[in-house]
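A.B. asks: no letters, just coordinates:
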C-alpha cells in the first residue's frame, strides 16, 4: 500500500515536473521582460491604434525599431499568451517554435505554438510599414541602398511620412537621393490641394521618367483648372522624353539583333564573299559553337563564367575542325560549281543536325548565363540595357575587328586575297593555294563557332539553331555586297535596326517578311549589294 | 503548231509516254480486277501514294526545265507548288459548304473559329471549279512573272537567284503561318469532302485522281519536251552556258528566262493542285525551304537536263522516304543529307547520266557540258 | 483618193508597220562614232576621252598594249558596259547608249569575243542556226521552223569556215582554232553591218591565219570590220588603217607604216614588241 502510494506520488511529481519545465525555466533563468512603451503599444486592439503605435515607434528613434517593424511585417513578432512577453519567432516549423526575446534577443528555447499569439496587421498597416521602413532605410550607409529606398517611397508618402522625410532630405548628401526624395515629396504635394504647392510640385516633377511620377501627374491632369493644364504640359514633356528613350531602346535592340546577324554572317562573308564557296552548313557550324558552350558548362559544373570564356577558343576550334572536314571531304571536289556546292553543303547541314539530334537530344539545351552577364545596365528610369546583349554587341565588334586585322595585316590575309584574285598566278608565286583554301575555310567556320558561343547566351540551343540563321546570314552578305567585310557590318547592323523599327507596328513575323521582301527587291535594283566590287574582278 | 508535235518523233519521249501509260493501266487493272487479298492487288492506299509520287514527278520536271535547261537553280519552287495547292484547297474548302464542324453555310471552319464575319475578298469565286482551276495556273504564274521579271531584268542569276528564291518561299511560309492571312494559319486547309461532286474518300475518286496525275505528268512532260527541243530550247541551253554570248546574238535572254520560268511555275502549280486532294491537306510547311531544296535533290539524283531523269529521281527518292520514315524515321535525314552529297560529288550527271554512259549515245544537251551559269 | 489607195495597198494600212528599209543611216558619214567616252572602274580610268570614227565598209585594226582599253571599248559599243560620259552613235540615227545588248545586236553589230565563246552543248549546226538573223523574240523563236533557204545558208557558211564535216558534232569538242572559226561563222550568220572582232587569230596556225585574213578583207566593203589584234604580222597583212590605243585614248592613227614610225607609238608599244 505504502509502496503504491510512493509510486503514485513519484509519477505525479515527474508529471508535474515535465509539464512545468518551460515555465520553470522561464522563471528561473530569465528576468522579467522590461517592455518599452513603444513596443507595448503595438499590441493594441484596433488597427488604427496599431498604426499610431507604429508612427510613434518611428518617431522614438529606439535602436530596435527596425527589427520590430521588420518582424511585425513578416508576422514574426508575437506574444507569449501567459506572460505577455514579446518574442520573435526564429523557427516556426513543427509544433514547438523557437523564439527569442524581442527586446534583448535572449534565446528562449522552444514554445508550443498554441501558447503564442501573433500581433496581426492588415494591408493598410503593411503599406504603412513598408513606407516607414523605406524611411528608415534612408539611413543606410551606401548611396545605392538609400537610392533604392527613396525609389520605394515614390507615390507612397502620406501625411505621417512627409515631415520625417523633409527632415531626412535636409540631412541627405547624395544629390541622386536628394532628387528622388524631392520627387517623392512633390508627389505628396500634388494631393495637398494648395495650388501654389501643386504648381511647384509639377515644376519639380516635369521631366521625370518614373512611372509613379507619371501616375501621380496623370491623376492631376485628369482634373480641371490651371493645375491640370500644367500637369498635362509636364506630361507632354515627359512623353517626349519617353519617346526618345524608346527610340534609343529600339536602336539598342536593333543593334543587338544586328550584332547577332553580323556574327552569323561574318564567317559566311569570308567563305562565300572571299572564297566564293556557298556553305549552307554554315548555320550548323554556328550550332556546333553553341553546343560547345553547353558542353563546356557540363564539364565545369558550377562555373558557368569560366566555361563560357573557355568556350570561345573551344567553339572556334570545334567549328574550324568541322569546317576543315567539310572542305576536305565535300567542297574541294566541287570547285567552280557553286550550285552543286550549295546542294552538297545543304546535305551536310542535314546530317549535322540529325547528328546532334541523335547524339545529344532533339530537345533544346539550356546554357547558363554567368552572373556578370545577367542583369542590366540602367541608364535612366525608362531605359536599361540588358548586359548579355551588350556583351554580345561588344563581342561582335571585337570579332569583326579581329577578322579585319587578319585579312588586312597578316600573311594569311594577303595570300587569301592573292588566291581569290588570281589563283593560277598566286600558285606560280609559290603560294600553296590548297593550304590557303583550308585555312580560309577554317577561319570562316571558326568565326561561325564564335557566333554560336555568343548566340548561346541569347537564344535556345537546339538542333534547329543554325537553320534559323542561314537565310538571314546570306541576306546580310548579299545585301552588304559580296566580298566586302565592311558591307557585311553595315548591312547586318542596318537590317537589325530596320527589323526592330518595324516590329512594334507590324509584329515580329510581318517585320521579318517585310525585311525579306525589301532585300529581294533591293537585290533587283542593285544586284551587287550596297558596296559592290567594280571592274574586271567583279565580272568573274 | 509543229513544235508541239515534235516530241512525238523523239525516241526518248516515245519510251517515256509508253512506260507511263503502261504503268497507269497496270495499276488501274491491278487495283480494280484483283481481289483485295491477292498478292498482286494494288490497294487504294498504294494508288494514292503513287498518285502523290506522280505529282512530285511533275514538280521535278518543272524544276528540271528551269535548272537543267536554263541553269536557274530555283530553291523556291515549293512555293509555286504550294500556291497551286492552296488554290485547289480553297475550292475544296468552299465545296464543304455547311458540312463543316460549325455548320456555317459559307465560311470555312477556321474562319468561324476566328470569329470572322464574312469571307475575305480573295476567297470569292473559289466556289466555282473553273475559276479555282484557272487560279491554279494564274496565281503561281503571276508570282513567277512578277518575281522573274524583277530578277531577270536586273540579271540576278546563279547563286544569288537561288538564295533570293529561297528567301521568297521562306517569306511566304512565314506569311501563311499567320492566321490573319486567311489561309488557315498553322493548320492550313483540310477536312475536304468532295471534288467536282465526287466523294474524295471513295476508292473510285482516288483512282481517278491517280490517273489524272499521270495524265498531267504525261502532258507536262510533253510540253517541256516540246519547249526544249524547239529553237527556244536551244536558246535556253545557249543562255545557260554562255549568257553574254546569247545576248550578243540578239536574243533577249531575260525574256526567254521569264517565259520558261513562268511555264515551269504553272506546271508546279498544277502538280500542287493534284497533290492536295490526294493528300487531303495543304499547310504552310510545303513552303518550307527544306521542301524546295528536296525537290532539287530529286532532280540532281535523277540527272539534270533530261526531264525523264527528274521523274525517276522524284519517284525513287520519295519511295525511299516512305520506306525510311516507316522503318527508321531518325535515319531519313542522314540518308537525305547523304543523297545531296552523293548526287553532287559522285554522280554529277545523276542516274540518267549513268544510263547515257552505258548507251554511249551521241552527245546531247543532257550528257554534255551541263555547266553552271555562274554569275 | 489617198484613203482608197491606202486601202487598196493592204500591206500599208499603218505606216509604222512598214519595215525600215535601211535601219542604219550612214549617209552623213561614219557607221560608228565615239566621242569623249570615258569609263572608270574604282578610280582606274579604263577609257579616257576616247574619240573614234569608223567609216562604212572600212576595215580598221586597233592595237595597243595590255590594259589600253581595247576590250572595254568593245564592251561599251555592244552595250555591256555603260560609259561614265561621252556619246556612242551607230550611223547618225542610233544612240547606242540607250540600248541593251540584244537591241544592239539586232541592229547589226556582231561581236567575236577574245576567248572563243561558242555554245559547247549544242552542235556546230545549231550554233549557226541560233546566230542566224531572224525574229529573235520569245514566241517566234518557240515556233520557229528552219526553212530550206536557211538550211542552205547555214551549209554555205559551214563551207566558208571549213567545218562541214563537224556539222553535227558538239561545239565543245572542237579544237581551239575550229572554235574561232565557228565563232566567225556565227558572226557571218548574223549578217551584221559592223563586225567587232577581238583577237581572231589567237591560237591559229599560220595557214588558218592566212585564211582568216582573207575572209576579213573580203568582208570589208560590204560590211565594216573592226579588228583588235596583238599579232603584228597579221595586222600588217590586213590593215589599211590602224588605230593605236594607249591608256584608254587614241595615241596615233594612220597606215601601218605611219603608225609604226610614230616615236610615241614605238615608245609605248612597238618598242616592247620588237
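C.D. replies: Received, thanks. A quick note: this is a predicted structure, and the numbers were derived from the prediction, not measured.
A.B. asks: number of nearby residues for whichever residue of chain A sits closest to chain B?
C.D. replies: Proximity to chain B, evaluated over chain A using Cβ to the nearest Cβ, is greatest for residue A:347 at 2.4 Å. For the C-beta atoms, the positions are set from N, CA and C on the backbone; glycine is no exception. Counted with other Cβ atoms under 10 Å in any protein chain shown, residues neighbouring residue A:347 total 28.
A.B. asks: with residue A:197 instead?
C.D. replies: 16.
A.B. asks: OK, contacts around it?
C.D. replies: Shown in contact with residue A:197 (Cβ atoms under 8 Å, 6 or more residues apart in numbering or on different chains): residue A:189.
A.B. asks: pLDDT score assigned to it?
C.D. replies: Note on residue A:197: pLDDT of 72.
A.B. asks: so residue C:250, which state does it fall into?
C.D. replies: strand (DSSP: H, G, I helix; E, B strand; the rest coil).
A.B. asks: how far away is it from residue C:51?
C.D. replies: 6 Å (Cβ to Cβ, to the nearest Å).
A.B. asks: list the helices and strands the helix or strand where residue C:150 lies packs on?
C.D. replies: Assigned by DSSP states H and E, residue C:150 belongs to helix C:148-160. On a contact count with 3 or more Cβ pairs under 8 Å, 6 or more residues apart in numbering or on different chains; DSSP states H and E, helix C:148-160 meets helix C:124-131, helix C:176-190.
A.B. asks: least reliable of those helices by average pLDDT, please.
C.D. replies: Looking at the helices and strands packed on helix C:148-160, the bottom one is helix C:176-190 with a mean of 84.
A.B. asks: got the residue ranges for the strands in chain C?
C.D. replies: Secondary structure of chain C (DSSP state E): strands at C:32-41, C:44-54, C:59-63, C:85-90, C:94-95, C:109-112, C:194-198, C:224-228, C:241-246, C:249-254.
A.B. asks: nope, chain A is what I meant
C.D. replies: A:77-80, A:86-91, A:96-101, A:107-112, A:116-118, A:376-380, A:383-386.
A.B. asks: show the average pLDDT along the fourth one.
C.D. replies: This points to strand A:107-112. Strand A:107-112 shows an average pLDDT of 81 in the prediction.
A.B. asks: kindly report the same for the second one.
C.D. replies: Mean pLDDT, strand A:86-91: 83.
A.B. asks: cool, and the first one?
C.D. replies: Across strand A:77-80, pLDDT averages out at 83.
A.B. asks: tell me what that strand is packed against?
C.D. replies: strand A:86-91, strand A:116-118.
A.B. asks: list the residues that contact residue A:113.
C.D. replies: Residue A:113 neighbours (Cβ under 8 Å, 6+ apart): A:92, A:95, A:96, A:97.
A.B. asks: make it 7 Å
C.D. replies: A:95, A:96, A:97 (Cβ atoms under 7 Å, 6 or more residues apart in numbering or on different chains).
A.B. asks: give me the beta-bridge partners of the closest residue to the second one other than its chain neighbours?
C.D. replies: In other words, residue A:96. Counting by Cβ to Cβ, 6 or more residues apart in numbering or on different chains, residue A:96 lies nearest to residue A:110, which is 3.9 Å off, once chain neighbours are set aside. For residue A:110, the beta-bridge partners under DSSP bridges are residue A:98.
A.B. asks: pick out the residue closest to the middle of chain B.
C.D. replies: In chain B, the centroid-proximal residue (Cα atoms, centre = their mean) is residue B:59; its distance is 1.9 Å.
A.B. asks: now the helix or strand harbouring that one: buried residues?
C.D. replies: Using DSSP H and E, residue B:59 falls within helix B:44-64. Applying a neighbour-count criterion of 16 or more other Cβ atoms under 10 Å in any protein chain shown, the buried positions in helix B:44-64 are B:44, B:47-64.
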